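Just the structure for this:
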Amino acid sequence: MTTLDLFASLEPSPEPEPAQRAAELRQQLQHHGHLYYVLDAPDIPDVEYDRLFRELQALEAAHPALLTADSPTQRVGGSVQEAFAPVRHAVPMLSIRTETDTESSGAQAFDARMRRELALTETDPPVQYVAELKFDGLAMSLRYEAGVLVQAATRGDGETGEDVTANVRTIGQIPLRLPTDLAAGVPAVLEVRGEVYMRRDDFEALNERQRQRIASGMKGEKTFVNPRNAAAGAVRQLDSGIAADRPLSFFAYGVGEVGPAQPSWQSHHGVLMQLKAWGFPVAAQTSLVEGAQGLVAFHQRMAAERDALPYDIDGVVYKVNALALQQRLGFVTREPRWAVAHKYPAQEEMTTVQAIDVQVGRTGKLTPVAKLAPVFVGGVTVTNATLHNELEARRKDVRVGDTVIVRRAGDVIPEVVSVVLDRRPAEAAQFTMLTHCPVCGSLAEREEGEADHRCTGGLFCKAQRKQAVWHYAHRRAVEIEDLGDKLIEQLVDGGMVHTLADIYTLTFPQLLALPRMAEKSANNVLASIQKSKNTTLPRFVFGLGIRHVGEATAKELARHFGQLDAIMQASEDALLQVPDVGPTVARSIRVFFDQAHHREVVQALRDAGVHWTEGDALAPIDMPLAGLTVVLTGTLQSMGRDEAKDKLEALGAKVAGSVSNKTSYVVAGAEAGSKLEKAQALGVPVLDDAGLNLLLQGNKP
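Down below sits the predicted model:
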């Protein structure tokens, strides 16, 4: 049976009879339970499984005759994999009830139910609870005999699990031996219950290794959908060496069989603190709270911190703290009455891809974006999901018409996690990146060794215009002091600035008409624009925003060629003769100036009056400070460090950021720190302001 067959009942159709629908739901849940628990390869998100489970629960509640012994609602889920030896749990590993109301009322409802079942009145004190995180991993039971780990077993069906001891021994957080002295009080038999999980950073590192293995041609390798999937797969590897290669972690949250003598534990929190004292990791967020107010506060606090945690959670868990009250409350069918899981909004959902558009970022990056049928996930309605780049879109093989699982966590941009291949339309075509920018029509290129395609339109591309203007006006470029981010946004959005040259055509009435623009501010902007016309060749080249051309490269280009026209006309071979210019930079410069609209912008800037001093190409060896390496530190009296750096580099010196044996001089101003100390230790000459001025006159002290 395929997933397409299983989802047939979800398509619009006449309402089936209760018995028929219950049978369909049992079949679907058993199928997806097998994929999730046994094969570790789910093809629907958890929220979809939960939805089917709740529908079956409701049917059985409304029609008790439909309840069967093999219904998924009557068991925890999962089964024993034949490759592992079965382990019978002395104390069943039951699941707990899930509160589906993701708002605070879910916590209030649980507290009200506990007070009602404990026959507490309004005058009785609040119930004390332990509030814990609901980890998204694999439940595990660790059995210790005489303080030594002898067995690790999965939950399985709640009664019988799988022996995965060899794999669990590879988890560094799990103690192999507990303290056995009398003071430690370790029982002869102790079963510790907890969750095996994978941290997000470990998951990303694992998937990166998997991608490298796939790229190298290794057969049978795959990337993992999520940390839970990766953790479950690692725990259930037949080869423990493979498990050891996958970084797993563990949190303890309870106990199973303990004996023969029973410890004098009075509370669940006491149990957790004892486990922590014996060396088991217990989540730091675990808290003692009182009443509904305490539960609500914990739920809200963890919701706010959820995305910052280094691991995935899908909710929180509330447990009555007093063990005597737990015993009094007891169990109902498959769940303890004294505990509940309170979920957060799902971070994964299922929807369909209606189109794949290509968006252009402010730096020219082309990003394929899946246009989705609206779906509520992560607390908001999502209609777009990033596919990052062509390589990622092809790796996930996302196509128009596909049914996909979408993930959104907090403020993270929604992304497509995986494709439900069984539901793919026959006509769905593989995505191919555009050859030209969809905004300006310029060539789109992907440089060798890079994943992203970029529009080569640069200054001409509307999508990149704000970034281009901001970069040009930067203090390390031509420096237009009063042209800030917000003003640039107003000018571009208002249609007053289309190219860099349009900056120099702005008028006083245009500026004064902008919101919150006073006369004095408008005059200051115009004065800054006028002042920026007098610049230097390195600043101008840097200000053009040529990809890969930073300040240092712009200065080397100006030194080597002396004139802008020479730079614009230089071949790639000629550009490669410039220090610090390699093939990637040379190609980027050539591509930039090969665009006719870039040459037009440069000419328009010149026509507007932007100018600089040009001269013949000057070999570094001919410059007065050629061969010197200078480090600046502290606050200089006569000029700022940026100005000092520009003047030193203009005379051929190299200005470095750290002191070494190759440093010629250290210029130290007020409050100089570790760089001065290192210079003194290495015997590097130290100059003050007077020494700097001598150096700038071309004299080597």
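
Would you confirm that P86 contacts V164?
No. Assessed by CB atoms under 8 Å, P86 is found out of contact with V164, at 11.6 Å. No exception for glycine: its C-beta is placed from N, CA and C like everyone else's.

tell me which residues of stretch 576-588 are tucked away?
Residues 578, 581, 585-588 are the ones in stretch 576-588 that count as buried (16 or more other CB atoms under 10 Å).

okay, and the helix or strand of this structure with the least pLDDT?
helix 3-6 (a mean of 46; mean pLDDT, DSSP states H and E).

circling back: so which of P86 and V164 has more stuff around it?
Taking other CB atoms under 10 Å, P86 and V164 do not tie; V164 has more neighbours (26 against 14).

check contacts around that one.
Neighbouring residues of V164 by CB atoms under 8 Å, 6 or more residues apart in numbering: 84, 140, 152-154, 235-236.

Just the pLDDT for it.
Per-residue pLDDT puts V164 at 91.

where do the helices sit along the stretch 351-500 of the chain?
Taking DSSP state H, counting those that start in this stretch as the criterion, the stretch 351-500 of the chain contains helices spanning 390-396, 465-472, 485-493.

do the same with the stretch 201-350 of the chain
227-235, 240-244, 268-277, 291-305, 323-329.

Need those in JSON lines (columns: distance to D452).
JSON lines is the format used below for the helices of the stretch 201-350 of the chain (distance: least, CB to CB, whole Å):
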{"stretch": "helix 227-235", "distance to D452": "26"}
{"stretch": "helix 240-244", "distance to D452": "33"}
{"stretch": "helix 268-277", "distance to D452": "46"}
{"stretch": "helix 291-305", "distance to D452": "32"}
{"stretch": "helix 323-329", "distance to D452": "55"}
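
out of those, which comes closest to P509?
The minimum distance between P509 and the helices of the stretch 201-350 of the chain falls on helix 291-305, with 48.5 Å, by CB to CB.

Not counting its own residues, what contacts that closest one?
104, 106-108, 110-112, 126-127, 129, 131, 133, 285, 287, 289, 313, 316, 318, 342, 344.

ok, now stretch 498-516?
459-460, 462, 465, 468-469, 472-473, 480, 483, 487, 490-491, 494, 496-497, 517, 519, 521-523, 525-526, 529, 533, 601, 604-605, 607-610.

what does stretch 670-684 give?
Contacts of stretch 670-684 (CB under 8 Å, 6+ apart): 631, 633-635, 637, 658-661, 663-666, 668, 685-686.

Name only those of those that count as buried.
Looking at the contacts of stretch 670-684 with 16+ other CB under 10 Å, the buried ones turn out to be 631, 633-634, 659, 663-666, 668, 686.

and the nearest residue to G330 once chain neighbours are set aside, what does it touch?
In space, not counting the residues next to it along the chain, G330 is nearest to R337; the distance is 5.9 Å by CB to CB, 6 or more residues apart in numbering. Contact analysis of R337 by CB under 8 Å, 6+ apart lists 117, 329-331.

Now for these, which sits with the most neighbours around it?
L329 (18 neighbours).

quick one: that one and V320 touch, right?
Yes. Counting by CB under 8 Å, V320 is a contact partner of L329 at 6.6 Å.

Q563 contacts W612, correct?
No. Judged on CB under 8 Å, Q563 makes no contact with W612 at a distance of 9.8 Å.

low pLDDT regions in the stretch 1-150 of the chain?
Low-confidence segments of the stretch 1-150 of the chain (pLDDT under 70): 1-16, 34, 37-40, 69-70, 74-82, 100-103.

could you pull out the helices for it?
Going by DSSP H, counting those that start in this stretch, the stretch 1-150 of the chain shows helices at 3-6, 18-33, 46-62, 105-117.

out of these, nearest to L206?
Once the helices of the stretch 1-150 of the chain are compared by CB to CB, helix 46-62 is nearest, at 20.7 Å.

returning to that earlier point: buried ones among the contacts of helix 291-305?
Buried, going by 16+ other CB under 10 Å: 104, 106-108, 110-111, 127, 129, 131, 133, 287, 289, 313, 316, 318, 342, 344, out of the contacts of helix 291-305.

tally of neighbours for Q530?
Close neighbours of Q530, defined as other CB under 10 Å, add up to 12.

Name the secondary structure element that contains it.
helix 519-531 (DSSP states H and E).

Quick check: neighbours shared by L329 and V320?
Shared contacts of L329 and V320, counting by CB under 8 Å, 6+ apart, come down to 114, 338.
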